[in-house]
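A.B. asks: coordinates only, no sequence provided:
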Ligand SMILES: Cc1cc2nc3c(=O)[nH]c(=O)nc-3n(C[C@H](O)[C@H](O)[C@H](O)COP(=O)(O)O)c2cc1C
């Protein structure tokens, strides 16, 4: 509940302040350059801050006819206002504090920065503008605090707040990771901005403390001998005003950072001290922190933070749009529905899949109802319950699903129903799809609920292909004709025309496998590991193939002909010169890592396709290939490419397991076991493992790698999955 309040507050606060925040962040970023420009004066003075005030007063008095005041700015540049008969030495100018000599005239304020400062402070709207800016600063404080609370919740608690954020390549990752990094500077910007506005509107109580001193010093002494001047260095001085006349009642006024002192001009005695309240000292500090005055380093932090605020506004908008897009619209009520789909989703991607299923079922004239797991209730006409849920935190439910398990126990079910649980998660997390597993366990134990005997389907990275396969099988088992869309990407990738320039076919006792070398009509960049989407004629569903590249850089597909496979048969009948349309889809998560460590490529069957390209890519990595196939004959198709890569030296090692050759029958996982020492070293030294091929092969390889970790006393295999060393594209 609290989580929802923070989320809505975070959202509405940002929306309500967005325009001012945008302007403030842009102008703030520009103004961050002001301290840098200020520091770049055309003169250089060293160790100014340690000059004793008495020495400077002495030099000024001897050098100029009359001195009005001296001021020390935030960069310890010293300005003096003097009278002199020489026009060059009259007026206010920068001086060398070590000898009082004129250094430079005071440059005119930079008109551009003055203009931007004015806009940043008041949007040119004078007092009302300052008020809006003040409110915006305050809202930014609240946005930062609610953001912090959300990030704590996302990480699974305060203690885990500082633990590694898993990079799932989502915009949320950038939002949270950058937010955690820049939270403190942003809070400082927001707090100091608010403080300065309150100060400007005199909302802060200021009570000076005045101390009137007994005049203990009686003898007249030269200025340079005044104890207070001798004991003060320029680092503490803001301003020293000299007496206007020689009248004893006319004092020196010395402004320090924390107090103002009046000094008798004959005796040097302190006549009156006015101590500034803490609130006024804070105002100076707020000004310096908010503007970066005096520190180039801090002004750079302010620049980065202002740019980050702009990025947060962008990423926050994208995240909100993703969530809003996933709002549910039902046609049938909970009471009417025969099929109920319940979802556990935090960021909307599971909801999006559920909505796709809902629409297809509605199209197939099914009475279906979609809702959050939290709203679980008694459904009088239910026959099929479909649970689609993500997992968060440390294996916990998403926020729209945490009530489900309790409600399941408390709700009476009056007739039996079938239930299918599908988990969505990521291998990056130690507790992969844990919440889906928990639901599966609890529903299996329920008397009225029938669950399939096999383990629930657990899907990594929202793999649509797997989900679609499941939905197709499930609907077919119920006699429902389901027409699910071919792909779910929001952006429609443009179609490209491909021409077959070479075709090779190999047939053994088991399979017919073939490769197609393709030329693209338009030049389009692609990398091995990207996907080629093809919709066969008279079909609506798209098939995705992993893209490889041959040694010449042409696009290469490796396909197994399935007896009833519509797409594989369509591609199989294409001869050299034939053309077809398809889309190239980036698959960044399965590109060859840019590394100088080892990369172990593991595949079975046609899963070798992306690796056929990778072994020819220029790389500093040390590549070795493990490939599982049935017979020597099937190797013929890839032999030339692999041998060429070995000759070039881009592929260091090639290990092949033939599963149907009688004498040497083997599987890839056994080859890994054979090379366990190398594999263990590669894991330990941060090497990557890329897997492409069947899910069965992936599971067997995972088990083998897990065994190697245990045997070689390495951290658990999960650790390597979590830190991104294991990349998969399996189906
Ligand atoms: C902060 C955070 C924690 C996560 N924790 C887990 C986890 O423990 N186990 C898991 O399998 N996936 C975990 N995931 C991955 C999500 O479950 C996965 O990305 C899912 O597809 C998100 O679905 P949704 O967009 O519908 O919320 C986590 C993701 C995030 C951002």
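C.D. replies: All right, it came through fine. Since the structure is predicted, the reported quantities are computational estimates derived from the model, not experimental observations.
A.B. asks: which helix or strand contains residue 176?
C.D. replies: In this assignment (DSSP states H and E), residue 176 forms part of helix 171-200.
A.B. asks: ditto for residue 58
C.D. replies: Assigned by DSSP H and E, residue 58 falls in helix 53-63.
A.B. asks: going on from that helix, what's the next piece of helix or strand?
C.D. replies: strand 66-72.
A.B. asks: give me the longest strand you can find in the chain.
C.D. replies: The residue-count maximum for a strand in the chain (DSSP state E) belongs to strand 495-507.
A.B. asks: what helices or strands is that one leaning on?
C.D. replies: Judged by 3 or more Cβ pairs under 8 Å, 6 or more residues apart in numbering; DSSP states H and E, strand 495-507 is in contact with strand 512-520, strand 579-585, helix 632-648. In this view, the C-beta of every residue, glycine as well, is placed from N, C-alpha and C.
A.B. asks: out of these, deepest packed?
C.D. replies: Sort the helices and strands packed on strand 495-507 by mean neighbour count, taking mean count of other Cβ atoms under 10 Å, and strand 512-520 sits at the top with a mean of 20.
A.B. asks: pairing partners for the very next helix or strand once past that strand, with directions?
C.D. replies: Note on strand 512-520: by DSSP H and E, the next helix or strand toward the C-terminus is strand 531-534. Strand pairing for strand 531-534, determined by DSSP bridges: strand 543-546 (antiparallel), strand 579-585 (antiparallel).
A.B. asks: which residues of the stretch 51-200 of the chain score low on pLDDT?
C.D. replies: The model of the stretch 51-200 of the chain has pLDDT under 70 over residues 156, 166-169.
A.B. asks: ok, 80 please
C.D. replies: Applying pLDDT under 80 to the stretch 51-200 of the chain picks out residues 74-75, 87, 153-170.
A.B. asks: can you give me the strands for the stretch 401-550 of the chain?
C.D. replies: Assigned by DSSP state E, counting those that start in this stretch, the stretch 401-550 of the chain shows strands spanning 417-425, 449-450, 457-460, 495-507, 512-520, 531-534, 543-546, 548-549.
A.B. asks: for residue 21, see how far away the residue most central in space within the chain is.
C.D. replies: With distances taken as Cα atoms, centre = their mean, residue 174 lies nearest the centre of the chain, 0.8 Å away. As judged by Cβ to Cβ, to the nearest Å, residue 174 and residue 21 stand 18 Å apart.
A.B. asks: again, but for residue 510
C.D. replies: Using Cβ to Cβ, one gets 64 Å for the distance from residue 510 to residue 21.
A.B. asks: and the two? Which one has more around it.
C.D. replies: residue 21 (24 against 14; other Cβ atoms under 10 Å).
A.B. asks: ok, back up a step: could you dump the helices and strands packed on strand 495-507 to JSON lines with mean pLDDT and distance to residue 431?
C.D. replies: Output for those, formatted as JSON lines (pLDDT from 0 to 100; distance: least, Cβ to Cβ, whole Å):
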{"stretch": "strand 512-520", "mean pLDDT": "90", "distance to residue 431": "38"}
{"stretch": "strand 579-585", "mean pLDDT": "90", "distance to residue 431": "30"}
{"stretch": "helix 632-648", "mean pLDDT": "88", "distance to residue 431": "38"}
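A.B. asks: hmm, back to that, what does the longest strand of the chain rub up against?
C.D. replies: 512-522, 524, 532, 554-555, 572, 574-584, 633-634, 636-637 (Cβ atoms under 8 Å, 6 or more residues apart in numbering).
A.B. asks: partners of it, with directions?
C.D. replies: strand 512-520 (antiparallel), strand 579-585 (antiparallel).
A.B. asks: to residue 36, which of these lies closest?
C.D. replies: Between residue 36 and the strands paired with strand 495-507, the shortest separation by Cβ to Cβ is 44.5 Å, and it involves strand 579-585.
A.B. asks: in space, what's closest to residue 475 - neighbours in sequence excluded?
C.D. replies: By the measure of Cβ to Cβ, 6 or more residues apart in numbering, the closest residue to residue 475 outside its immediate chain neighbours is residue 482, 3.8 Å from it.
A.B. asks: okay, that neighbour: pLDDT?
C.D. replies: Note for residue 482: predicted pLDDT of 90.
A.B. asks: make sure it is actually in contact with residue 360.
C.D. replies: Yes - Residue 482 lies in contact with residue 360 (Cβ atoms under 8 Å); the separation is 5.1 Å.
A.B. asks: those two: which is more packed in?
C.D. replies: With neighbours defined as other Cβ under 10 Å, residue 482 and residue 360 compare such that residue 360 has more, 21 against 18.
A.B. asks: wait, isn't the more buried one in contact with residue 480?
C.D. replies: No - using Cβ under 8 Å as the test, residue 360 is too far from residue 480 to be in contact (9.1 Å).
A.B. asks: the strands of the stretch 401-550 of the chain: which one's closest to the ligand?
C.D. replies: strand 417-425 (2.1 Å; Cβ to the nearest ligand atom).
A.B. asks: please name the strands paired to the closest one in the sheet, noting orientation.
C.D. replies: Partners of strand 417-425 in the sheet, by DSSP bridges, are strand 384-390 (parallel), strand 449-450 (parallel), strand 457-460 (parallel).
A.B. asks: please identify the most buried of these.
C.D. replies: strand 384-390 (a mean of 24).
A.B. asks: give me the distance from that strand to the chain's centre.
C.D. replies: Relative to the chain's own centre, strand 384-390 is displaced by 29 Å; criterion: Cα atoms, centre = their mean, to the nearest Å.
A.B. asks: share the number of residues neighbouring residue 658, please.
C.D. replies: Using other Cβ under 10 Å, residue 658 has 20 other residues around it.
A.B. asks: list the residues that contact residue 263.
C.D. replies: Contacts of residue 263 (Cβ under 8 Å, 6+ apart): 226, 228, 251-254, 269-271.
A.B. asks: now list the buried members of these.
C.D. replies: 226, 228, 251-254, 269-271 (16 or more other Cβ atoms under 10 Å).
A.B. asks: JSON lines for those, including secondary structure?
C.D. replies: Shown next, in JSON lines, are those (DSSP: H, G, I helix; E, B strand; the rest coil):
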{"residue": "226", "secondary structure": "coil"}
{"residue": "228", "secondary structure": "helix"}
{"residue": "251", "secondary structure": "coil"}
{"residue": "252", "secondary structure": "strand"}
{"residue": "253", "secondary structure": "strand"}
{"residue": "254", "secondary structure": "strand"}
{"residue": "269", "secondary structure": "coil"}
{"residue": "270", "secondary structure": "strand"}
{"residue": "271", "secondary structure": "strand"}
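A.B. asks: how close does the closest residue to residue 222 other than its chain neighbours get to residue 67?
C.D. replies: With sequence-adjacent residues excluded and distances taken as Cβ to Cβ, 6+ apart, residue 222 is closest to residue 58, at 7.9 Å. Per Cβ to Cβ, residue 58 is found 11 Å from residue 67.
A.B. asks: picking that back up, pLDDT on the helix or strand following the helix holding residue 176, on average?
C.D. replies: Scanning forward in sequence from helix 171-200 by DSSP H and E, the next helix or strand is strand 209-212. On average, the pLDDT along strand 209-212 is 78.
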